[in-house]
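K.L.:
no sequence on this one, just coordinates:
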């Protein structure tokens with residue numbers, strides 16, 4: 001019984017990771033880490049068409065990564081759990097450390 005529960009959790013975790021396996025989605029999270037933004041603000045920050053941004057936002061909202069609220073004609077998006085941002089920061093730190101390590105290796109060869 002316990003193993004089945006773990007497998008489901010692993011499957012859900014995999015789904016979140018797949019959802020975040022897009023540079024644009026990580027860029028969106030980075031833009032939202034300081035607080036909520038409108039679709040128009042995100043379009044301006046990312047420099048991509050509104051339809052493209054909206055599609056990414058819809059996928060991330062559907063997976064529970066983002067939340068949204070409407071105010072007048074504007075739709076505001078925010079990160080539903082800041083631990084997602086923390087996870088992205090940790091992964092970025094791992095990459096930076098790996099890049100530094102590879103740089104050191106290249107220097108010694």
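P.N.:
Perfect, thanks for sending it. Predicted model only: the values in this text are computed from it and were never measured.
K.L.:
and the lengthiest helix in the chain, what's its mean pLDDT?
P.N.:
As assigned by DSSP state H, the longest helix anywhere in the chain is helix 82-108. Here helix 82-108 scores 88 as its mean pLDDT.
K.L.:
quick one, strands of the protein?
P.N.:
Using DSSP state E, the strands found in the chain span residues 37-38, 66-71, 74-79.
K.L.:
mean pLDDT, distance to residue 18 and mean neighbour count for these - can I get that in TSV?
P.N.:
In short, each C-beta sits where N, CA and C put it, glycine included. What follows is those, written out as TSV (pLDDT from 0 to 100; distance: least, Cβ to Cβ, whole Å; neighbours: other Cβ atoms under 10 Å):
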stretch	mean pLDDT	distance to residue 18	mean neighbour count
strand 37-38	97	24	16
strand 66-71	96	16	13
strand 74-79	96	18	16
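K.L.:
right, so of those strands, which gets closest to residue 52?
P.N.:
Closest approach to residue 52 among the strands of the chain (Cβ to Cβ): strand 74-79, 14.4 Å.
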